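**Q** A structural model of the following input is requested.
(chains A and B)
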Amino acid sequence: GAVVSQHPSWVICKSGTSVKIECRSLDFQATTMFWYRQFPKQSLMLMATSNEGSKATYEQGVEKDKFLINHASLTLSTLTVTSAHPEDSSFYICSARQRVGNQPQHFGDGTRLSIL
Amino acid sequence: GIQVEQSPPDLILQEGANSTLRCNFSDSVNNLQWFHQNPWGQLINLFYIPSGTKQNGRLSATTVATERYSLLYISSSQTTDSGVYFCAVAFSGNTPLVFGKGTRLSVIA
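**A** Next up, the predicted model:
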């Protein structure tokens, strides 16, 4: 149980393109999901907290107009990288936690984004 | 915000050796998780251990919450254990995990 599915796994696209990444909790409901970014040989850095039915909370230094987050249901959050540029190339990974009780956070397999 | 420090940053082991990885954190937490990130980037959840001791095969972990540290033990290491091990903590269930910088483990045959 507690599976988080992230899609797509890999994206290669041209500069200026917008890219949407989906994060789904397959067998549980998640009112809160988290989006992280990881650059090569570095740790995971939190980008934003996605709250079902309300606006996302962004970490300092993360442009909310560039990284659009939508959490329209209890099982789906999406991250859209708008007008992507080469410096947005990175590994993006989402996580979700079951609503009830003290539970661990479960992570998707990540999306490797390469902007040419 | 909460600080997470992992040591050592790098570790090279001969196959069959044992090792201990450490995670120190700066504040009280109610969520602590250990992960293994494989070469494809997947984060494999090893332990959810805000306190106490757990074992899973060759791996075990101990968290002493009152002293704000956790230890991950790897026994009889194998080459497939290579990768980066992350410790991550959170204040509460609804707050995001904060990751340490990781320990990069290389197990050589």
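
**Q** and the average pLDDT for stretch B:28-40 is what?
**A** The predicted model assigns stretch B:28-40 a mean pLDDT of 93.

**Q** same deal with stretch A:48-61?
**A** Averaged over stretch A:48-61, pLDDT sits at 91.

**Q** contact partners of that stretch?
**A** Residues outside stretch A:48-61 that contact it (Cβ atoms under 8 Å, 6 or more residues apart in numbering or on different chains) are A:30-35, A:45-47, A:62, A:64, A:67, A:69-74, A:77, B:96. Where C-beta positions appear, they are placed from N, C-alpha and C, glycine not excepted.

**Q** same thing but at 7 Å, please
**A** Stretch A:48-61 has contacts (Cβ atoms under 7 Å, 6 or more residues apart in numbering or on different chains) with A:31-35, A:46-47, A:62, A:64, A:67, A:69, A:71, A:73-74, A:77, B:96.

**Q** quickly find the element holding the closest residue to A:Q38 other than its chain neighbours.
**A** Among residues not flanking A:Q38 along the chain, A:F91 sits closest, at 4.4 Å (Cβ to Cβ, 6 or more residues apart in numbering or on different chains). Per DSSP states H and E: A:F91 is located in strand A:90-97.

**Q** please save the CA atoms from that strand in CSV.
**A** Taking Å, rounded to 0.1, in the frame of the first residue of the first chain, the C-alpha atoms of strand A:90-97 are listed here in CSV:
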residue,chain,number,x,y,z
SER,A,90,16.7,19.0,-12.8
PHE,A,91,15.2,16.0,-11.0
TYR,A,92,11.7,16.8,-9.6
ILE,A,93,10.1,14.5,-7.1
CYS,A,94,6.9,14.6,-5.2
SER,A,95,5.7,13.1,-1.9
ALA,A,96,2.4,12.5,-0.1
ARG,A,97,1.3,11.5,3.3
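
**Q** paired strands for the helix or strand following it, with orientation please.
**A** Counting by DSSP H and E, the element after strand A:90-97 in chain order, helix or strand, is strand A:105-107. Strand pairing for strand A:105-107, determined by DSSP bridges: strand A:90-97 (antiparallel).

**Q** chain center to the partner strand: distance?
**A** Here the centre of strand A:90-97 is set off from its chain's centre by 5 Å, with Cα atoms, centre = their mean, to the nearest Å.

**Q** what does stretch A:95-114 give?
**A** Using Cα atoms, centre = their mean, the offset of stretch A:95-114 from its chain centre is 9 Å.

**Q** make a PyMOL selection of the buried ones in the contacts of stretch A:48-61.
**A** Buried members of these, defined by 16 or more other Cβ atoms under 10 Å in any protein chain shown, are picked up in PyMOL with:
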select buried, (chain A and resi 31+32+33+34+35+46+47+62+67+69+71+74+77) or (chain B and resi 96)
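
**Q** list just the nearest of the contacts of stretch A:48-61 to B:T80.
**A** A:F34 (28.3 Å; Cβ to Cβ).

**Q** beyond the helix or strand containing the closest one, next helix or strand please.
**A** Here A:F34 sits within strand A:32-38, counting by DSSP H and E. The helix or strand immediately downstream of strand A:32-38 is strand A:45-51, counting by DSSP H and E.

**Q** that next one versus strand A:32-38: what angle between them?
**A** Interaxial angle, strand A:45-51 versus strand A:32-38 (axes from the mean of the first three to the mean of the last three Cα atoms, to 10 degrees): 160 degrees.

**Q** what's the following helix or strand after strand A:45-51?
**A** strand A:57-58.
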